[in-house]
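**Student:** Provided below for reference: sequence and predicted model.
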There are 2 protein chains.
Amino acid sequence: MSKNGISRREFFESSAAAGLALAATGATSKLAAQEKDKPVRVGFIGVGSRGTVLLRLALLVEGVEIPAICDIDESHLSRAQRLVERRGQPTPEGYSRGPEDYRRMVERDDLDCVICATPWAWHTPMMVATLEAGKYGGVEVPAAGSVEECWQLVEASERTGVPCMMLENYCYFRNVMLALNLLDLGLFGDPVHSQVGYQKDERMLGIGPDGEMDFYSKVRSQANGNLYPTHALGPAAWLMNVNRADRFSYMVSMSSRSKQLGDYAVEKFGKDHPAAKIKFSQGDVNTTLIRTEQGRTVTLYYDTQSPRPWDPILRFQTSKGIFMGSFEKIYVEGLSEKPLTWEDSAGYYEKYEHPLWKKFGAMEVSGLGRGVSDFLAVHQFIEAVRRKSLTPLDVYDAVSWSVITPLSKQSVANKSAAVDFPDFTRGKWKEERKRIYYDV
Amino acid sequence: MSKNGISRREFFESSAAAGLALAATGATSKLAAQEKDKPVRVGFIGVGSRGTVLLRLALLVEGVEIPAICDIDESHLSRAQRLVERRGQPTPEGYSRGPEDYRRMVERDDLDCVICATPWAWHTPMMVATLEAGKYGGVEVPAAGSVEECWQLVEASERTGVPCMMLENYCYFRNVMLALNLLDLGLFGDPVHSQVGYQKDERMLGIGPDGEMDFYSKVRSQANGNLYPTHALGPAAWLMNVNRADRFSYMVSMSSRSKQLGDYAVEKFGKDHPAAKIKFSQGDVNTTLIRTEQGRTVTLYYDTQSPRPWDPILRFQTSKGIFMGSFEKIYVEGLSEKPLTWEDSAGYYEKYEHPLWKKFGAMEVSGLGRGVSDFLAVHQFIEAVRRKSLTPLDVYDAVSWSVITPLSKQSVANKSAAVDFPDFTRGKWKEERKRIYYDV
């Protein structure tokens, strides 16, 4: 085990398979001057609203070059090219000859990695092509939409030896990282349970101002499960070190009736409008329970069809206490002043702020998605590329968080019957590994 | 449907079966002077610590007499007799000739009701005997420990026509009643989901100061499920009007590994101590999902083996918003100032305090259990007895909340397989009824 917790054996196995000129060190804190000076060359696929945020963030990372951008929408492409130029870089070559044009781009020999922020259905094929071309893959959530796609992604990464990271910004939230740091410092014991949720009023999403349905609305009329699991589950899985000496074993899922979205359409457009006649399948509140191989549990919500404030919950519970991240309340045996009494977490940030937040927390990223956490997800990916090292979140994380969608649909359809997680690691989860943070 | 929501048909059916001289009115706000003047005569079975709290609370209700008390512990009995005397009443007759002596007491013809606060295993047989003797039954939680006991209780109440109420004090919490009032006022829409928990560090319970095991410890060494569901579930079920046009349909349950209680015993007594060698079965955090016939859902925690502040959660979610009772945060569409933004609930208490809390909230009950909510549970039971009316929480509530324990054990033992709730109401749940509050 090297200093930063990457197993050397795994590192070299990965390197060899990759056929890449990998640096023979896993050290995080020092980087040889010549590597630091070498630019990281990033290609982008999909520069709509989210892709543009990611592009802006990547341009904030020191030593990043953007030689190529792909988008079938030429106005998006052009806007993105201007953004790069404004940073004093040459105009990136544009790829917009149709939906398969990304294949030409990923074959370029002047790219180290590709970041993909296209509609969900394109994530897996674009990442597979990226990895096959020997480039690190950074993908927006979810990484895959079906069990089959999960395997395609895993097999592409294993076959090529090239890492793939899902850019899960919620993992880099300040309060999530506070909990991670307490764990890393040995002050928070052993994880027992997490409760997390993607909880946000998204009734208006998927039905346009004139009642027209987009893909999200179509999904919700046909599916019933957890349609967007990774923002919520990522932090819980990372806290529990899932895929690093533990893994998700099985899950059950339950949906309440589907009513709110239909009521909303009637209220907004009137009962005779086509939008009011859509038969939605998606239950209003979906709840999933997950059990890990080591007997830890997760409660995972998907709650987007009711009026409610945004709330990811972020309940992290360990042998030493509990952190209610959303409401910033914490109790840690040995640290808290009064026995069994909530404290505001403010004092904990003063004492136990995560090193990444200490270093980057004050930077100016306002207006860009969720700010610093978004930046950190992109930054950590790019730093792994720079070192030609493992990514902090790996392909097994990407698929075991994304696979909730098909598995939950299956469980809901079968009266909440237990569904087993495929072991995407094929037993490699048993190896203990520490969490990775680059450039701290 | 009468003014207070009791169905007249049901009321008279119940009256007729009971053979009791029932008042021919369901009105809550007025009570004939002669009834008000008549004392309510209460017998007690079990006056240990909890029973004594209930006795003290009953003595705070106007016009209550205590003619008889049963306890096999003569010091408990004697203490209870002194308490009644101090209120200026005659010494209650004591019953302490052995564990079956309660049978003599419930046969007395000068009792209107019996309140039972003995160890769990005695609740059902004592209540069945009470109902058979024609007295209203008020029972501490849980009302029953097995599916079989649930049916015994239901059948005794139906056969005799005498109501049985589980004295679930959590239902009368101030914040629970705020939510109920918002619903009753039509401001909070239709219930969709609740999340509740019995969450309290009880590692010390069941292992005495010298490591000796009591019944709770023995239960936790043999069982794995939700061992104490009613405090948490009661408020959720009441909010959703379960058993009043809805009912619990099926549930799944999942436990994390059992580790914390064993670790605690080792830490506290050393690894060679007998307490450290107990093999506990109970998982550290148990989570249960329940789905109702109408498609509402509940997430129910039992979390007593980890260091944590007490937290019943009390998440109540409706078509109009969400109330996080524990942290006193609320959002209600149409009432909240800013869209999709939490408010402190303080202002809601000013405007929408429940009438029962308005009337009794300021009374002096400090030191008695949870105070006003404890008082209200006892008070509402006694007021129902005084009127010879239906109890606010009925025998179907008692059993459908208590039955979680055996059903959750079954689900946990079968990899979280779905378990159906028996329909204890035999179809009567379909009748819509309003919530009952007496003497407001």
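**Tutor:** Noted; the coordinates are in hand. Numbering: from 1, shown residues only, chains lettered A, B, ... in the order given.

**Student:** can you pull the residues of the stretch 1-150 of chain A lying near chain B?
**Tutor:** Remark: no part of the stretch 1-150 of chain A is in contact with chain B, using Cβ under 8 Å from any Cβ of the partner chain. Yep, even glycine has a C-beta here, placed from its N, CA and C like the rest.

**Student:** could you report the neighbour count for the residue of the stretch 1-150 of chain A found nearest chain B?
**Tutor:** The minimum distance from the stretch 1-150 of chain A to chain B, using Cβ to the nearest Cβ, falls at A:Val147 (19.5 Å). As a burial measure, A:Val147 scores 18 neighbours (other Cβ atoms under 10 Å in any protein chain shown).

**Student:** hmm, A:Ile404 and it touching each other?
**Tutor:** No - judged on Cβ atoms under 8 Å, A:Val147 makes no contact with A:Ile404 at a distance of 11.0 Å.

**Student:** where do the strands sit along the stretch 301-440 of chain A?
**Tutor:** Under the criterion DSSP state E, counting those that start in this stretch, strands of the stretch 301-440 of chain A are mapped to A:315-318, A:321-324, A:329-332, A:343-344, A:419-420.

**Student:** now the stretch 101-250 of chain A
**Tutor:** Using DSSP E, counting those that start in this stretch, the strands of the stretch 101-250 of chain A run over A:113-116, A:136-139, A:164-166, A:191-199, A:248-255.

**Student:** need the ones you listed in CSV (columns: mean pLDDT and mean neighbour count).
**Tutor:** Converted to CSV, the strands of the stretch 101-250 of chain A look like this (pLDDT from 0 to 100; neighbours: other Cβ atoms under 10 Å in any protein chain shown):
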stretch, mean pLDDT, mean neighbour count
strand A:113-116, 98, 27
strand A:136-139, 98, 30
strand A:164-166, 98, 29
strand A:191-199, 98, 26
strand A:248-255, 98, 25
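
**Student:** pop the domain breakdown of chain A in here.
**Tutor:** What automatic domain parsing lists as the domains of chain A is A:39-162, A:171-357+A:395-430.

**Student:** what about the longest one, how long is it end to end?
**Tutor:** Put plainly, it is domain A:171-357+A:395-430. The first and last residues of domain A:171-357+A:395-430 sit 22 Å apart, counting by Cα to Cα, to the nearest Å.

**Student:** can you pull the contacts of the residue in the stretch 101-250 of chain A that chain B sits nearest to?
**Tutor:** Residue nearest to chain B within the stretch 101-250 of chain A (Cβ to the nearest Cβ): A:His193, separated by 4.3 Å. The neighbours of A:His193, taking Cβ atoms under 8 Å, 6 or more residues apart in numbering or on different chains as the test, are A:Arg296, A:Thr297, A:Val298, A:Thr299, A:Arg315, A:Gln317, B:Ser256, B:Asp284, B:Val285, B:Thr287, B:Asp303.

**Student:** same check, this time on A:Thr230
**Tutor:** A:Val141, A:Pro142, A:Ala143, A:Met166, A:Glu168, A:Tyr170, A:Trp401, A:Ser402, A:Ile404.

**Student:** what about 7 Å?
**Tutor:** Going by Cβ atoms under 7 Å, 6 or more residues apart in numbering or on different chains, A:Thr230 touches A:Val141, A:Pro142, A:Met166, A:Glu168, A:Trp401, A:Ser402.

**Student:** backbone dihedrals for the most centrally placed residue in chain A, please?
**Tutor:** Geometric centre of chain A, nearest residue: A:Glu168, 2.1 Å, by Cα atoms, centre = their mean. With angles defined as degrees, to the nearest 10, A:Glu168 sits at phi -80, psi 100.

**Student:** likewise A:Thr287?
**Tutor:** Backbone phi and psi, for A:Thr287 under degrees, to the nearest 10, turn out to be phi -130, psi 130.

**Student:** and it, what are its bridge partners?
**Tutor:** Judged by DSSP bridges, the bridge partners of A:Thr287 are A:Met254, A:Tyr301.

**Student:** surely it meets A:Val252?
**Tutor:** No - taking contacts as Cβ atoms under 7 Å, A:Thr287 lies outside contact range of A:Val252: 9.1 Å.

**Student:** list residues touching both of these two?
**Tutor:** By Cβ under 7 Å, 6+ apart, no residue touches both A:Thr287 and A:Val252.

**Student:** touching stretch A:392-407 from outside, list them.
**Tutor:** In contact with stretch A:392-407 (Cβ under 7 Å, 6+ apart) are residues A:139, A:142-147, A:150, A:153-154, A:157, A:163-166, A:168, A:171, A:225-227, A:229-230, A:233-234, A:237, A:242-243, A:248, A:251, A:288, A:380, A:384, A:419, A:421, A:424-425, A:436-438.

**Student:** now, these that are in helices?
**Tutor:** Judged by DSSP state H, the subset of those located in helices is A:Val147, A:Cys150, A:Leu153, A:Val154, A:Ser157, A:Thr230, A:Leu233, A:Gly234, A:Ala237, A:Gln380, A:Ala384.

**Student:** pull the contacting residues for the second one.
**Tutor:** For A:Cys150, the residues meeting the contact criterion (Cβ under 7 Å, 6+ apart) are A:Ala144, A:Val399, A:Ser402, A:Val403, A:Phe424.

**Student:** once you drop chain neighbours, what's closest to it?
**Tutor:** Leaving out its chain neighbours, the residue that sits closest to A:Cys150 by Cβ to Cβ, 6 or more residues apart in numbering or on different chains is A:Val399, at 3.8 Å.

**Student:** can you give me the neighbour number for the one you found?
**Tutor:** Quick note: A:Val399 (other Cβ under 10 Å) scores 28 neighbours.

**Student:** equivalent analysis for A:Lys351, please.
**Tutor:** 12.

**Student:** so how far is A:Trp310 from it?
**Tutor:** To A:Trp310, A:Lys351 is 28 Å away according to Cβ to Cβ, to the nearest Å.

**Student:** which among the contacts of stretch A:392-407 end up buried?
**Tutor:** For the contacts of stretch A:392-407, a neighbour count by 16 or more other Cβ atoms under 10 Å in any protein chain shown gives the buried set as A:139, A:142-145, A:147, A:150, A:153-154, A:157, A:163-166, A:168, A:171, A:225-227, A:229-230, A:233-234, A:237, A:242-243, A:248, A:251, A:288, A:380, A:384, A:419, A:421, A:424-425, A:436-438.
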